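1. Got a predicted model here, sequence first, then my questions.
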Amino acid sequence: MSRLETLAPSTLDFAHNLADPDPYTVAYAQVQAQKHTLRVTADSAVVPPEGLSIFPALPPLFAGHPTKHLREGVLRAAELAANHVPDAEKAFFVADLSEVYKQHMRWRRCLPNVQPFYDMVTDSLFTAVKCNPDPYVIRLLASLGAGFDCASNNEIGMVLDVGGVSPSQIIFANPCKAPSFIRNAAKCGVDLMTFDNADELHKIARINPRARCVVRILTDDSKSLCAFGIKFGAPLQTVPGLLATAKKLNLDVVGVSFHVGSGCYDPTVYLDALNRARRVFDMATEAGYELTLLDVGGGFEDGLFEQAADVIRQGLVKYFGDEEFRRRDGGKGVKFMAEPGRFYVSKAFKLAASIIARRAPQASAPSAEPEQRSAVEEKKDTEDRPEVMYYINDGVYGAFNCILFDHQVITPDVLFMGQSFHVPAPSAAPSETHGVASVWGPTCDSIDCVSPKCVLPRALRVGDWLGFDDMGAYTVCAASQFNGFEVSRVVYTCGDDNVYAGGADVAREVRNALMSFAAEGNRVRAEPYEA
């Protein structure tokens, strides 16, 4: 496998039994009661680790490498299918919460002056709930002191419902909100919210006059996969008028926010954005406001994070260094916050999907007036055309909506082939054993294409499994049940023990953080999950 790690073979004794089991788990338990033996090669079995039932309403938290759980899920599905259980081979995620923890440590190392927080007294970091509203992710980040960037009533409710999260840890970062949303946020005690137009100010003043307002400014987002400037952000020339309106309405404007776009591939744009933010701070001073908050938004790409952090550190020193000194000297100064979403969760989720069908590609319909093509063009077209179309049980209406909404390019890996986890090494180009293929989702819509062109083993058949890395951002959150296909379930692990980051055993830190979060709220005492 190219990215999904290969582990040493071991044996597997399946037994999962949730406090509130779904039909899939019930069916599996029934199969176990029948003592059915699955005929697969010996290399395919793994031992599931003991799980912890920390939160009653959530699945158990396991330990161990995520690939163990991918394998375990594949074999579990095969055993159910052998017993004719409907929808036995459904796709599933494995969420490795240790990756979320490691990203948090990485953030603190690279941007130490943009710290996690519980209220607005300290520096702050908000996590974008919309990126992945997973209940375990929310609880882990809350236990680590992160705040939450919410865009709707549901997201606010989702965060507050976990218990132990203060309304002051939430920013309502939607500049154009429904009146009922502002009213509900006020009832919940969420007063920190963004705006970028005068109508929004009038709306806020009428419904929640005690709100603490943050002006969202327009920045250069041309270097990002998903640009937001076409929809949100006040141009600098409009800011003085907005501040004057806020003053007239007796609203408290406390800060500035911006967003350079999601998936920013040129971190230098943060420097220009910080320059614009500094100018707005100066405008606010002239309008009679003393701003104390700067939100540098999100858009952080994993591979470019250190570069982006370096640019942000330089920009904060250049444009807000005096504010830092003021705060250290006991003054108000400016508190810095950010809204990383994909940065935290992208690498933490892997997806396993079963091949449910395969076929030869459809030949192109003949044209009424055939186009004259050279021999070179014909040869290239033949080489590029997929030899086979694979259909899997998740697609763009489910986990792979990130292809449509987030412009992601998906690369499949072979997880299980020919009743074995010992699969051929990946190939970047067609060879004797590998050919050009396309991968499609299960729905009846022709846009449901996961990968229009990839290189996969020619020996892949129905019942084999593909694995997909980096599936944590903008996947689960926008999945639907179009055509009646269910949203893929999630298996949770805290990762391998004895893996260290910053001197700490990461899996142990994740477990302890979650158990402490549960205990502090008197929600439940963590007990071993018995198979």
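-> Everything's here; your move. All values derive from a computational prediction rather than experimental measurement.

2. okay, stretch 166-185 in PDB with CA atoms only?
-> Extracted in PDB, the C-alpha atoms of stretch 166-185 (Å, rounded to 0.1, in the frame of the first residue of the first chain):
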ATOM      1  CA  SER A 166     -18.800  27.500  28.100                       C
ATOM      2  CA  PRO A 167     -20.700  29.700  25.700                       C
ATOM      3  CA  SER A 168     -17.700  32.100  25.900                       C
ATOM      4  CA  GLN A 169     -15.700  29.400  24.000                       C
ATOM      5  CA  ILE A 170     -17.900  29.800  20.900                       C
ATOM      6  CA  ILE A 171     -17.700  32.400  18.200                       C
ATOM      7  CA  PHE A 172     -20.800  32.700  16.000                       C
ATOM      8  CA  ALA A 173     -18.700  33.100  12.800                       C
ATOM      9  CA  ASN A 174     -21.400  33.600  10.300                       C
ATOM     10  CA  PRO A 175     -21.600  37.200   9.100                       C
ATOM     11  CA  CYS A 176     -25.100  36.900   7.700                       C
ATOM     12  CA  LYS A 177     -27.400  35.200  10.200                       C
ATOM     13  CA  ALA A 178     -31.100  34.500  10.400                       C
ATOM     14  CA  PRO A 179     -32.800  36.700  13.100                       C
ATOM     15  CA  SER A 180     -33.900  33.500  14.900                       C
ATOM     16  CA  PHE A 181     -30.300  32.300  15.000                       C
ATOM     17  CA  ILE A 182     -29.100  35.500  16.700                       C
ATOM     18  CA  ARG A 183     -32.000  35.200  19.200                       C
ATOM     19  CA  ASN A 184     -31.200  31.600  20.000                       C
ATOM     20  CA  ALA A 185     -27.400  32.300  20.300                       C
END
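
3. Please renumber the chain so that the first residue is 2 from this point on.
-> In the new count, where the first residue is 2, that last one comes out as stretch 167-186.

4. got the buried residues for that stretch?
-> Residues 168-176, 178, 182-183, 185-186 are the ones in stretch 167-186 that count as buried (16 or more other CB atoms under 10 Å). Every residue, glycine included, has its C-beta placed from N, CA and C.

5. Stretch 187-200 too?
-> Per 16+ other CB under 10 Å, stretch 187-200 contains these buried residues: Ala187, Cys189, Val191, Asp192, Leu193, Met194, Thr195, Phe196, Asp197, Asn198, Ala199.

6. likewise stretch 151-162?
-> Cys151, Ala152, Ser153, Asn154, Glu156, Ile157, Met159, Val160, Leu161.

7. nearest to Val507, of the buried residues of stretch 167-186?
-> Gln170 (23.8 Å; CB to CB).

8. The closest one and Cys151 touch, don't they?
-> No. At 10.1 Å, Gln170 does not count as touching Cys151 under the criterion of CB atoms under 8 Å.

9. between those two, what contacts are shared?
-> Val160 (CB atoms under 8 Å, 6 or more residues apart in numbering).

10. Looking at Asp162 now. What's its pLDDT?
-> You'll see Asp162 listed with a pLDDT of 90.

11. Name the SS class of the nearest residue to Gly299 once chain neighbours are set aside, please.
-> Distances taken as CB to CB, 6 or more residues apart in numbering put Glu340 closest to Gly299, at 4.2 Å, once the chain neighbours are dropped. Assigned by DSSP: H, G, I helix; E, B strand; the rest coil, the conformation of Glu340 is coil.
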